[in-house]
Each structure stands twice: as structure tokens, then as C-alpha cells.
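Visitor: sequence-free structure coming up:
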Ligand code: ADP
Ligand code: MG
């Protein structure tokens, strides 16, 4: 018997070299190995008589080797082994390429099971390179076989054997995190059974039962964890702010707030009056005016003599918020500061000391805010913009700078409800479901290369009307991975500048520029000094230049729909009719079909649901979504019904045992603590 934390290196048949390879798949302990679920299965249970074989199907055949296998060297590097196998009704020709060992492995007159794809014709069926074993063996055929994700140095056999060993060593001690009564009321299999059958299913039904149990468990643990978080928050005491008259703030704004903005502001400030810390998500589509809500909350904290910290994912965005908030709030005497990684040591030191001494009321910054020297005099409010760009850990690092501060997170990613339950299960939510008045639908077109000249003409026309234009290229930050056909932003900007628009002002911004240079380019564009801004996706989030009226996206097929929606959201932020032109790229028909949804709707919510359907939740968040617990088996798009049940079960359980203190919930509690490192002081 081995501990679940045992290093896999010590599991029979693994050893140092394979352990290294497995580590690349994230497998280092026995528990990891057992929880490394197959990505697919091969159903080798169907056995057919030879006379019934149909070309292209993949099945098992039970047959006798009628001839001795014959080995022939065709040329260097190509050996063939051929034999004929027979059953009562037919003859099957079998060929193995470059597997000369088969000559000795298969004996004339013995019966085998062959598993493989049928080729040839109905009358003369053949199989190439089938899997085979003695009829009596029953290891490789006659059952459902797991298919694992692999990496160099591993094969399906190695993986399956390792998992087999791992299961044998531990299956009886696999802890069952589901309390027995939950398992009973939802008719779920036991953990041991589920782990065995998810890897080596006895049959299809056993597989289904096991999958359901493990999906349920995964979603149940997340739901219970979210419930515990919510609970731990409500017993914590925060700093309750003094009531202030919001009308004073409203008068500072150059525009009238929408009803949805006012509602969000009232909900958030209402939270801050209470002595449990606010933990609220403001979700609103691109351009819905979330920044004003953030500004209102900072103002509110200031009225109580407290400081606020406002964190943005990019320097471009932090600087933009700094400009907006200082313009808005400095006139009433609020002191607004900026802290980013690219500032000089001296500048940073000065901001640090102002924060510590309470000489700043609001600080806006990037994750530079998390660094060690940052201390506050009286931090009452922490805001993160585009929160999906930050991990849970980053958020909590900022929180620990204050004493249970109020928390506001803002996101433009209109996530479907299922996902919201998982990610934001512990947050209250305000939704800005209304755009500022006068916004027009952004006219969107998917076009092919043929329309390039016309697009250039159109750019020229808009610039003639004093509008500004973005051109976005999908150059990934590491351009080694960029394909040839991918227009490198550099070369492309050069071409636009020299050949196409020599008379216009074309600028370029990309991720590998120095922050200072980026800032200079962005503020020039923002001030209207540049006509065309060629950019990579660094401008994807948050950038706000209301005079920009056209977004051109090159190779649009390279982007996810939600990302395109974000990019498109850079225009249509003012009163001008705005446009989005998507060059469909090399993707052809499929990408055109996918991009169609962009032309049909401006509704971020619909787009994200389509996106989820098309790509699945893993992709949906891409590598950026760090805040999410990794799902090993559940698929949020298709396992919705299990999610609902798992949530109901978790809620029920927490109602009867809010602290998970009863002995039968102890395992669950440990698991949650372990997964979420719930330390009441830092977690939120
Ligand atoms: P997002 O929700 O994408 O962060 P912003 O806060 O950047 O949106 O606001 C988008 C633009 O709309 C900004 O230029 C902002 O000044 C403007 N804006 C915000 N609220 C209103 C409003 N109620 N009326 C008019 N313009 C508004
Ligand atoms: Mg924003």
C-alpha cells in the first residue's frame, strides 16, 4: 500500500525516466496518476464474424491463424509480415508493417482476437497492423481500453500499466469525499469503483456510472468550497463606511449615468455601509461604463477618509484609468496616484511613501501594486478591472494589504451562467445591462482579400472625416510561433506607412515595446495625433478612445469570438457610427461560418455562449484564466444537469453543517482546504 502522495517514480514499472515524462503531463504523485483520466476510450468489445466485416469499421475478430506468418523484406526500412486468419465463415488477410516480431509471436493453428480497422472489400476483407492477443488473454481486446494524453517517452501501454499499478496500490484507500448520504440520495457510485472503471471500464454502463460520479464529485467540491468562502466572508468584519450623498459625485461627471450604472453604484456603496466586507462583481459588456462605477466607489471611500487601490491588467489600461480618474476626482481635492512596473525606482519610492502616509487617496496600478514596498495608511477598497486576467492569488495578495477591505471586481467577459456559478460562486453580482445613450450598433463585416483595396479606401474616407482607425494583427507575442502568412505587425505597419498611407499618420503598438514607448503611442492616439494605430492584442482590454470609429482585424480566424468582441469594443464608444471589418484569413468556409455571429449581433452574452459551444470551456478561458479551478473531468457545456444537482447537494449539506464540522464531512473539508488553501485572512 502506498500513500497517495507517493512520488510516481516509486510505482512499479515507472522509474525515474518515465516519471520525468509524466511530470510533463502534470503527474507527480500517485494521486495525480489515478486522477489522470483517459481523454478517450477505444471500444474493443464488439466482436464480428469475418463474413460480416464492412470496410472502414474498427472491430474485433476472433479467428485462427490459418497460415504461418511470412516475413518479407521489401526494401531497407520496410518489412512485411503476412498471414491469413479464418473463422467459421470467412478469411481475413492480415498485414503488419515493420513489426517483424509478429512472425514469432503468432503461431499457426492458434486462435487469436485481432482488433483493427477493416480495409479491402466486403468479399476480401483485410486488416493492417491490428492489435492482437491470444483468444483467452482478454487484456487488450474484448474490453473498453483507455486512451491517455501522452508525451514523448510514453506510450498508451506504459500509461495503462502505470495506472493499473497505481490503482492496485491504492484503490482501497482512495478517500471518498462524498459523504455517504449524498452518495445515496444522488445514487452515485463509490470512489473506488469509479476510479477503477473510469480507467478500465467493465462495460459501457460502468463507465457512464463512474463518469457521472466523478463529475459530480468535482463540481460538488467546487460548489461546497464556494459556499464555505461565502460563509467565511460573512463572519468577517470589514470597515463600514459612512453614508455619503452620491449626488455630489454625479455632478462631477461629464455625462448622465445610465440606470444600470446608478443601480450598480448604489448596490456597491450600499455594501460598503455594512460591516461585512463587500465582495461584488460588476459585469457589463464592453463600453457599458464600468469605470464610472469604480470611480464612484473610490469617491465614496474617500468621503469616509479611506484609501482605494485600483488594479488593471496592463500598463496601458492603468495609465488610461489614471488619466480618467485624476481628471474627474482631483478637482474635488482627491489625490490620485499611479504605480506601474515601468516607473523609475525613485518614482515608485515616492508613491510608496505617499500611500503609507495617507497622502494619496486612490492609487491606480498594475500588479506593481502587489510588490512588497506597497503599504497603505487606511486601505478600505480594492478594485480589480478585467478581473479574469488575474488569478485568485493575485487578487488575494492585494487584499492582504488592507484589513478585510471591500472588494469590487469588474469584468467585461460576459460569461454564461454555468460558468458564472463556478467562477464567481462566492461573489455578489451587479450587471450593467444598458449602454450609454446614443451608441449605435457597430456595423460588422466579414470580408475576403478581394475587398482589401476597398477597405483601404474606406479607412481613408473615415480619416478624412477626422475619425481614427485601429488595425489589429494576430501576432502572438513570441513570433517564433507565428506562421508565415501571419502578418507581422511590424512589417505590416511599415507597409501601411510607406506604401498605402504615406500621407497619414500611422503608429504601431505591440507587446514587446518598452512600457514608456507604449504609453507614448497610446496617449498620442488618444489625443488624436495619430490616424491609424496598428496593434497586436495589447489593446484588447479596456482601451477607450471614443473618436476611434473603425476596427480592422487581420486574420480574424485566429481569434476567439469573445476576443473579437473585446477588440470590436474598442470602437463605438462615442457618438459616431462605428465599423468593424474582419478579414477572414485562411480559415475559409469554417471561419466565415464562425465569424457570421459577429456580424449578426453586438450582444457579448450571445457571442460568449456561441464561443463556449464552439470551443468548450477549457479553451474559452485560454491560458489566461488562472482564477478558475482546473476541471479534470467535468465539461461545463455538456454537464449542466450534473452541475445543478451537485450545487443543490452542496447547499443542502452546508445548510445542515455550515462549518463542515461533523466527522462524516471531515474528508471533504480537508480536501477543500487543500485545494483552495482557505486561509480566512487572505482568501476572497
Ligand atoms: P467599460 O465598461 O468598457 O470599461 P468605460 O468605462 O471605459 O467602459 O466607458 C466607455 C466610454 O463611455 C467612456 O468613454 C466613458 O466616458 C463613456 N461613458 C460611460 N458612461 C457613460 C454615460 N452614462 N453616458 C455617456 N458616456 C458614458
Ligand atoms: Mg473598462
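Guide: All right, it came through fine. Worth saying up front: this structure is predicted, and the values here are computed from it rather than measured. Numbering: from 1, shown residues only. Ligands and ions are numbered 1, 2, ... in the order given.
Visitor: near ligand 1, which residues of the chain show up?
Guide: 255-258, 261, 284, 286-292, 412, 436, 542, 544, 546, 573 (C-beta under 6 Å from any ligand atom). For the C-beta atoms, the positions are set from N, CA and C on the backbone; glycine is no exception.
Visitor: please redo it, this time with the cut-off set to 5 Å
Guide: When proximity is defined as C-beta under 5 Å from any ligand atom, the chain approaches ligand 1 at 255, 257-258, 286-291, 436, 544, 546, 573.
Visitor: Let's see which of these end up in strands.
Guide: Judged by DSSP state E, these include no members of strands.
Visitor: and the least confident of these?
Guide: Among the residues of the chain next to ligand 1, residue 286 carries the weakest pLDDT, at 81.
Visitor: which residue sits closest to it, ignoring its sequence neighbours?
Guide: Excluding the flanking residues, the one nearest residue 286 by C-beta to C-beta, 6 or more residues apart in numbering is residue 569, at 2.7 Å.
Visitor: do residue 525 as well
Guide: residue 533 is the one closest to residue 525 (C-beta to C-beta, 6+ apart), at 4.9 Å.
Visitor: The one you found reaches residue 463, doesn't it?
Guide: No. Taking contacts as C-beta atoms under 8 Å, residue 533 lies outside contact range of residue 463: 11.6 Å.
Visitor: If you count surrounding residues, which of those two has more?
Guide: residue 533 (26 against 19; other C-beta atoms under 10 Å).
Visitor: Go ahead and list the helix or strand containing the more buried one.
Guide: Here residue 533 sits within strand 532-535, counting by DSSP states H and E.
Visitor: Name the single longest helix found in this structure.
Guide: Criterion DSSP state H: the longest helix present in the chain is helix 204-235.
Visitor: helices or strands up against that helix?
Guide: helix 191-199, helix 417-423, helix 640-656, helix 666-676 (3 or more C-beta pairs under 8 Å, 6 or more residues apart in numbering; DSSP states H and E).
Visitor: returning to that earlier point: any residues touching the helix or strand just after the strand holding residue 533, and which ones?
Guide: The helix or strand immediately downstream of strand 532-535 is strand 548-553, counting by DSSP H and E. With C-beta atoms under 8 Å, 6 or more residues apart in numbering as the test, strand 548-553 has contacts from 442, 455, 458-459, 462, 467-472, 474, 525, 533, 559, 564, 567-568, 570-574, 576-583.
Visitor: Kindly recompute the last result at 6 Å.
Guide: 462, 467-472, 568, 570-571, 576, 578-582 (C-beta atoms under 6 Å, 6 or more residues apart in numbering).
Visitor: With stretch 52-68 instead?
Guide: With contact meaning C-beta under 6 Å, 6+ apart, stretch 52-68 is reached by 44, 46-48, 50, 83-87, 106, 108, 110-111, 113-115, 117-118, 125, 141.
Visitor: Repeat that for stretch 533-544.
Guide: With C-beta under 6 Å, 6+ apart, stretch 533-544 has contacts from 317, 386, 470-472, 475, 489, 493, 507-511, 525, 566-567, 570, 573.
Visitor: hmm, back to that, from the helices and strands packed on helix 204-235, which stretch is densest packed?
Guide: helix 191-199 (a mean of 22; mean count of other C-beta atoms under 10 Å).
Visitor: Tell me where the stretch 1-150 of the chain has strands.
Guide: Under the criterion DSSP state E, counting those that start in this stretch, the stretch 1-150 of the chain contains strands at 40-43, 58-65, 70-75, 78-86, 91-97, 111-120, 125-128, 131-134, 144-147.
Visitor: Quickly run through the sheet partners of the fifth one, with directions.
Guide: For strand 91-97, the pairing partners within the sheet under DSSP bridges are strand 78-86 (antiparallel), strand 125-128 (parallel).
Visitor: Next, the buried residues of stretch 55-68.
Guide: For stretch 55-68, burial by neighbour count (16 or more other C-beta atoms under 10 Å) applies to 59, 60, 61, 62, 63, 65.
Visitor: Apologies, that question was intended for stretch 6-20.
Guide: For stretch 6-20, the neighbour count (16+ other C-beta under 10 Å) marks 6, 7, 8, 11, 14, 18, 19 as buried.
Visitor: ok, residues contacting it?
Guide: 22, 30, 33, 161, 162, 165, 166.
Visitor: circling back to that earlier point, looking at the contacts of stretch 533-544, which are in helices?
Guide: 317, 489, 493, 525, 566, 567.
Visitor: how close does the residue of the stretch 351-500 of the chain found nearest ligand 1 sit to residue 575?
Guide: Closest residue of the stretch 351-500 of the chain to ligand 1, C-beta to the nearest ligand atom: residue 436 (3.2 Å). Residue 436 sits 10 Å away from residue 575, going by C-beta to C-beta, to the nearest Å.
Visitor: ok, now residue 561?
Guide: With C-beta to C-beta as the criterion, residue 561 and residue 575 are 27 Å apart.
Visitor: higher neighbour count, those two?
Guide: Shown here are residue 561 and residue 575; by other C-beta under 10 Å, residue 561 has more neighbours (24 against 14).
Visitor: Which residue comes closest to the more buried one once chain neighbours are left out?
Guide: In space, and not counting its chain neighbours, residue 561 is closest to residue 611: 4.2 Å by C-beta to C-beta, 6+ apart.
Visitor: so which strand or helix has the one you found?
Guide: Going by DSSP H and E, residue 611 is part of helix 604-621.
Visitor: what bridges to the residue nearest to residue 288 when sequence neighbours are not counted?
Guide: Of all residues not flanking residue 288 in the chain, residue 432 sits nearest, at 4.3 Å (C-beta to C-beta, 6+ apart). For residue 432, the beta-bridge partners are residue 284 (DSSP bridges).
Visitor: Am I right that residue 432 is in contact with residue 259?
Guide: No. In this structure residue 432 lies outside contact range of residue 259 using C-beta atoms under 6 Å: 9.6 Å.
Visitor: Please identify which of the two sits among more neighbours.
Guide: residue 432 (24 against 10).
Visitor: dump the residue contacts of that one.
Guide: Taking C-beta under 6 Å, 6+ apart, one finds 260, 264, 284, 288 in contact with residue 432.
Visitor: other SSEs contacting the helix or strand hosting the first one?
Guide: Assigned by DSSP H and E, residue 260 belongs to helix 259-273. The helices and strands touching helix 259-273, judged by 3 or more C-beta pairs under 6 Å, 6 or more residues apart in numbering; DSSP states H and E, are strand 279-284, helix 290-303, strand 428-432.
Visitor: what about 8 Å?
Guide: Helix 259-273 packs on helix 246-250, strand 279-284, helix 290-303, strand 406-411, strand 428-432, going by 3+ C-beta pairs under 8 Å, 6+ apart.
Visitor: What lies in contact with the longest one?
Guide: Looking back up the chat, that one is helix 290-303. Outside helix 290-303, the residues that touch it by C-beta under 8 Å, 6+ apart are 241-242, 244, 246, 249, 252-253, 257, 261, 264-265, 268-269, 272, 282, 284, 307-308, 310, 321, 324-325, 328-329, 332, 334, 361-362, 380-381, 383, 385, 406, 408, 410, 412, 430, 432, 544.
Visitor: List only those of those residues flagged as buried.
Guide: 241, 244, 246, 249, 257, 261, 264-265, 268-269, 272, 282, 284, 307-308, 310, 321, 324-325, 328-329, 334, 361-362, 380-381, 383, 385, 406, 408, 410, 412, 430, 432, 544.
Visitor: thinking again about what came up before, could you find which two of the contacts of residue 432 are furthest from each other?
Guide: 264 and 288 (9.5 Å; C-beta to C-beta).
Visitor: how about the helices in the stretch 301-450 of the chain?
Guide: 315-329, 345-356, 392-399, 417-423 (DSSP state H, counting those that start in this stretch).
Visitor: so can I have JSON lines of those showing mean pLDDT?
Guide: Shown next, in JSON lines, are the helices of the stretch 301-450 of the chain (pLDDT from 0 to 100):
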{"stretch": "helix 315-329", "mean pLDDT": "92"}
{"stretch": "helix 345-356", "mean pLDDT": "96"}
{"stretch": "helix 392-399", "mean pLDDT": "67"}
{"stretch": "helix 417-423", "mean pLDDT": "65"}
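Visitor: Much appreciated, bye for now.
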